[in-house]
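Participant: no letters, just coordinates:
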C-alpha cells in the first residue's frame, strides 16, 4: 500500500454493499467514497481535490447504466485508464463482454471482501494487504 491512501469510489445503489465493503477496505488502508447514483459518482469523479484511484462500479443504477459511465470515462483523456472493477450480478454475456472490452475487470456478486481487496491490489499494482490480526465481525 502506498503512503497516501488510495481513494476508491464504490458506486452501488444497494446501501448494504457500501456499508459492508467500506470497513473492510478502510481496514486495509484505502480511503473510500460511496455513491448510489450515476450523478453522485460523476460528482465525486469531478472533484479534483480528492482524485479517485479506482472505481468499483455496479451496472444497474437508479438513474442509468454503469456502462454509460464507463463509456464516458473511457472517452475522456483524464479517466481513460482509470482502473475499474465492475461489481455485478449481471449474467448477459453481451453486457459483460462490453464492460471487459472497455477495460474493466469483472467481479460477480456475491463476492467476498477478501477476494475484492485482492483484485483491487492487483489492479492498482499494490502489494497484497496483510490479513487483519483478528477476524472482522460480520454485521447483517
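Facilitator: Cool, got the structure. Keep in mind the model is a prediction, meaning the values are calculated, not measured.

Participant: what segments of the protein are strands?
Facilitator: Secondary structure of the chain, counting by DSSP state E: strands at 7-11, 31-35, 54-57, 60-61, 64-65, 84-88, 105-108.

Participant: show me what the last one is packed against.
Facilitator: Which is strand 105-108. strand 84-88, helix 93-101, helix 113-124 (3 or more Cβ pairs under 8 Å, 6 or more residues apart in numbering; DSSP states H and E). All C-beta spots, glycine's among them, are computed from the backbone N, C-alpha and C.

Participant: so which of the ones you listed is the most surrounded?
Facilitator: strand 84-88 (a mean of 24; mean count of other Cβ atoms under 10 Å).

Participant: distance between it and the chain's centre?
Facilitator: 6 Å (Cα atoms, centre = their mean, to the nearest Å).

Participant: between it and helix 113-124, how big is the angle?
Facilitator: Angle, strand 84-88 to helix 113-124, by axes from the mean of the first three to the mean of the last three Cα atoms, to 10 degrees: 150 degrees.

Participant: distance of the spatially closest residue to residue 53 that is not a sequence neighbour from residue 85?
Facilitator: Among residues not flanking residue 53 along the chain, residue 6 sits closest, at 4.2 Å (Cβ to Cβ, 6 or more residues apart in numbering). Counting by Cβ to Cβ, to the nearest Å, the separation of residue 6 from residue 85 is 13 Å.

Participant: and the strands of the chain: which comes nearest residue 127?
Facilitator: Proximity to residue 127, assessed across the strands of the chain by Cβ to Cβ, is greatest for strand 54-57 (15.3 Å).

Participant: give me the residue at the spatial middle of this structure.
Facilitator: In the chain, the residue lying closest to the centroid (Cα atoms, centre = their mean) is residue 56, at 1.2 Å.
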